[in-house]
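Visitor: quick one: sequence plus predicted model below, questions after.
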Amino acid sequence: MSVKKVVATVVVVVVFVFSFLAYEQVAKLAPFYKQLTQPRVSLEKNLQPKKQLDAYYVGSQKCKKCHEEKFSQWSHSRHPKMIQEIRKDSNVVVADFSKLPKDADFTLKDAVYTIGGKFKQRYMIPAEINGTKDYRLGNYQWNVQTGKWQHFKPWKYWYKDAYPHDNMEFPTSKTCDGCHFTGYMAKEKRVEPGIACEACHGPGSEHVADPESKVFLASLADPVRQNEVCLQCHMRNRDYRLKKHTIRELYGDARDYPLGYEPGKALADYKLPAPFLPGHETKEFYANGMGKKNRTQGNEYVHSMMAKHGITCINCHNPHTLEPTAQHNSGNALCMKCHSFGSLIGPHQKSLEAHTHHKASSKGSLCVECHMPKVGRHTGKSPLTVRSHMFGFVTPAQTLAYGMPKETNACFACHKDKSMKALQADLEKWGMVDWDKRHFWKEKK
């Protein structure tokens, strides 16, 4: 064979290989192409369909007739179970009331609704507050993770200066109901317990009367605006009115939800994110922005590279089933829908073991364990179960430099027998060290 033919053959093979690899990556990203290349839409623009502007909330049973499959998926998720009526089904109570402390200011007979039940459960009791019929919370909550009752003082949150330090005077209408009752955030009416269809799609009366009259579909919106449907509740916030008023001026009326917001409206006009300045630790966030508590997914996510590249909540989570969850994730399969070994968007190594330096079958080779470590708690007395949504890998050196507990570090979570300095040394042997560590991170044990 001539030299020219050999060279030509090599060129053809090389072109074929690179074309195949390029095709594999393009094929993975193709379904997201339209989403990732959408031009940005103003944060102030109302994206609701015009006819929906005059619609009112009708409840999920109206949706079931035409959307039976999605209704079924949703009804088996946790969303409709965030608020449940005890008298309709006593099994919704997960606490052991036989062990309720003697100084509790309520009994099971007093409670009408449960709030939550997966990690913790609180109880809503009818009350008249400032001459208005409302609900208040019991002074104890059940910690599902520890199986114990623990004292509960809701005013210890950011609105501690806006309400009396008394459970009897702390209304759920101003604090819990906006996110947990469908319709209450927008209209201050408890249309339906839990997070139902209209909590994400907006009021549906016009759509029910005429199916051609559309409701808001977040999946068709600009990625940033798409995420707002989730961020209305899954982002720690402050009352929007604090832009012009002090917390004392809002005494008795401070809201823990974006009052007046409906899906499709500009969330930026209704919600102030909980304050965070990079490098400064707060009661809610570590200095690198990772959350200390639950419900900080949005706060973390908006600073992540995933969000900056246009990836959205529903690219990873089914909006009706909510899968995958922190407790029931799909292993690495979800991440590898977009990522490929040796690809442009990584991992750049040729195999899982080369990327993680752990056995492929081990916990150390699960994407979420390193890129979504457990850093937050559902209560101060709960174990770490809330996974970070920043997606960046935090080294032991960074964990210490930011003043984070070593238990939040992905490496230490498994290797508790090693010092943080030793764990950092392992990373450096693997070549996982950057210029910041080389010159600026302080050496700590």
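Guide: Cool, got the structure.

Visitor: wait, is Lys51 part of a strand?
Guide: No. Secondary structure of Lys51 (DSSP: H, G, I helix; E, B strand; the rest coil): helix, not part of a strand.

Visitor: give the contact list for it.
Guide: Lys51 sits next to 206, 213-214 when contact means Cβ atoms under 8 Å, 6 or more residues apart in numbering. Heads up, the C-betas are built off the backbone N, CA and C, glycines and all.

Visitor: partners of the lengthiest strand in the chain in the sheet?
Guide: For the chain, the strand that runs over the most residues, judged by DSSP state E, is strand 120-129. Using DSSP bridges, the strands paired with strand 120-129 are strand 113-116 (antiparallel), strand 132-137 (antiparallel), strand 140-143 (antiparallel).

Visitor: one step back: out of the contacts of Lys51, which is most surrounded?
Guide: In terms of neighbours by other Cβ atoms under 10 Å, these top out with Glu206 at 22 neighbours.

Visitor: list the residues that contact that one.
Guide: 51-52, 54-55, 213.

Visitor: for the residues you listed, which one is nearest His67?
Guide: Of all those, Ser213 has the smallest distance to His67: 15.0 Å, by Cβ to Cβ.

Visitor: roughly how far apart are that closest one and Asn299?
Guide: As for Ser213, its distance to Asn299 is 35 Å (criterion: Cβ to Cβ, to the nearest Å).

Visitor: cool, and Met185?
Guide: According to Cβ to Cβ, Met185 and Asn299 sit 19 Å apart.

Visitor: please apply the same query to Tyr163.
Guide: Using Cβ to Cβ, Tyr163 is found at 23 Å from Asn299.

Visitor: higher neighbour count, those two?
Guide: Asn299 (24 against 21).

Visitor: the more buried one against Leu272, yeah?
Guide: No. Applying Cβ atoms under 8 Å, one finds Asn299 not in contact with Leu272, separated by 11.6 Å.

Visitor: Leu400 looks like it's in a helix, true?
Guide: Yes. Under three-state DSSP, Leu400 sits within a helix.

Visitor: distance of it from Pro275?
Guide: Using Cβ to Cβ, one gets 25 Å for the distance from Leu400 to Pro275.

Visitor: quick one: residues contacting the residue minimising distance to the centre of the chain.
Guide: Centrality entry for the chain: nearest residue to the mean C-alpha point is Gln297, 3.4 Å, by Cα atoms, centre = their mean. Gln297 makes contact with 230, 234-235, 291, 389, according to Cβ under 8 Å, 6+ apart.

Visitor: stretch 35-43: end-to-end distance?
Guide: The stretch stretch 35-43 measures 17 Å between its terminal residues, going by Cα to Cα, to the nearest Å.

Visitor: what's the answer for stretch 66-80, then?
Guide: Stretch 66-80 has an end-to-end distance of 19 Å (Cα to Cα).

Visitor: what residues are up against Glu249?
Guide: Contacts for Glu249 (Cβ under 8 Å, 6+ apart) come out as none.

Visitor: give me the beta-bridge partners of Tyr135?
Guide: Tyr135 forms beta bridges with Pro126, as assigned by DSSP bridges.

Visitor: who's in contact with it?
Guide: So Tyr135 contacts 112-113, 124-127, 171-173, 177 (Cβ under 8 Å, 6+ apart).
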